[in-house]
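Peer 1: I'd like to go over a predicted model; first the sequence, then the structure.
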Amino acid sequence: MKLRFILVVVLILLSLPVIPASAQADLQPVTITAEDGLVLYGLYSGTEGLEGDESGVPAVLLMHHGNAVKEKWLPFIPMLTEANYAVLTVDVRGFGETGRGENAPTAEERISDAQRWVDWLREQDGVDPERINIVGASIGGDIGLNIMAQDEGIVSITVLSVGLEVEDITTAPAVEQITRPIYFITGREDEVGLEAVQELINHVQGEMLISIHDTSMCCTFLIDFVDGVDADIVAWLDRHNK
């Protein structure tokens, strides 16, 4: 039994994505302060070495799924920087270094935090403030949809494993207000994500793209383990930013 357990652990470790050293070296720790004073933590890969136009380069805000951290996106970031995107990955309130403050995080606080990060991105040297995009997984994508609903300056959003309501963050009312491009990605065997997409497409007001993959994987694991998802996201971003 002990040997079998060790073999299972080894197989799991071998299946985990390798984080390129370049992805870690190019990222700089950044912090901002939330409306209630909580310190929010992120990692930023800026515009140095990127090729932009007279307006600057487009940028992407990455927000992880529940029980994850900002580093979950590290394997994907090099593909974004190679495509000339500045990238910011953040710890959602209640996770990672950001913590939760004295009380359980509310939907309003998490949406406010994300808006502050969007505003911070717009102020960075070399970033085109009119080409900010969001890529979010599960709760990160749900937060992103709510940001896009209130911030008309967001160019596009990609949501992996969207939910209809996660920790009091609802998405249908937000989607009804969005007229800019939304890309839904989910697994066919992810019942929650698939059901959410099937419902939300009835509320979409603008351009929409849907990718449903034959897998039970969800969230950022879709990027890690399903071939082509990462390239599809970059192609979607390029379509709306270049």
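Peer 2: Looks like it arrived, so ask away. A quick note: this is a predicted structure, and the numbers were derived from the prediction, not measured. Numbers count the residues shown, from 1 in each chain.
Peer 1: looking at it, residue 234 is touching residue 83, isn't it?
Peer 2: Yes. Contact criterion C-beta atoms under 8 Å: residue 234 and residue 83 qualify, at 5.1 Å. In this view, the C-beta of every residue, glycine as well, is placed from N, C-alpha and C.
Peer 1: tell me the centre residue of this structure?
Peer 2: With distances taken as C-alpha atoms, centre = their mean, residue 136 lies nearest the centre of the chain, 2.5 Å away.
Peer 1: Okay, and the beta partners of that one?
Peer 2: residue 63, residue 159 (DSSP bridges).
Peer 1: show me where pLDDT drops low in the protein?
Peer 2: Scanning the chain for pLDDT under 70 picks out 1-25.
Peer 1: Please enumerate the helices of it.
Peer 2: Per DSSP state H, the chain carries helices over the ranges 2-15, 21-25, 77-82, 107-122, 139-150, 172-177, 191-200, 221-225, 229-241.
Peer 1: thinking the residue nearest to the centre of the chain is in contact with residue 159, fair?
Peer 2: Yes. Residue 136 is in contact with residue 159 according to C-beta under 8 Å; the separation is 5.8 Å.
Peer 1: Look up how far residue 116 lies from residue 102.
Peer 2: 19 Å (C-beta to C-beta, to the nearest Å).
Peer 1: Are there residues contacting both of residue 136 and residue 159? Which ones?
Peer 2: Applying C-beta atoms under 8 Å, 6 or more residues apart in numbering, one finds that residue 136 and residue 159 are jointly contacted by 142, 144-145.
Peer 1: ok, so of these, who is nearest residue 170?
Peer 2: Proximity of the shared contacts of residue 136 and residue 159 to residue 170, judged by C-beta to C-beta, is greatest for residue 142, which lies at 7.9 Å.
Peer 1: contacting residues for the closest one?
Peer 2: By C-beta under 8 Å, 6+ apart, the residues touching residue 142 are 136, 159, 162-163, 166, 169-171.
Peer 1: Could you do residue 84 as well?
Peer 2: By C-beta under 8 Å, 6+ apart, the neighbours of residue 84 are 50-52, 57-58.
Peer 1: doesn't residue 185 make contact with residue 160?
Peer 2: Yes. Here residue 160 reaches residue 185: they are 4.7 Å apart, a contact under C-beta under 8 Å.
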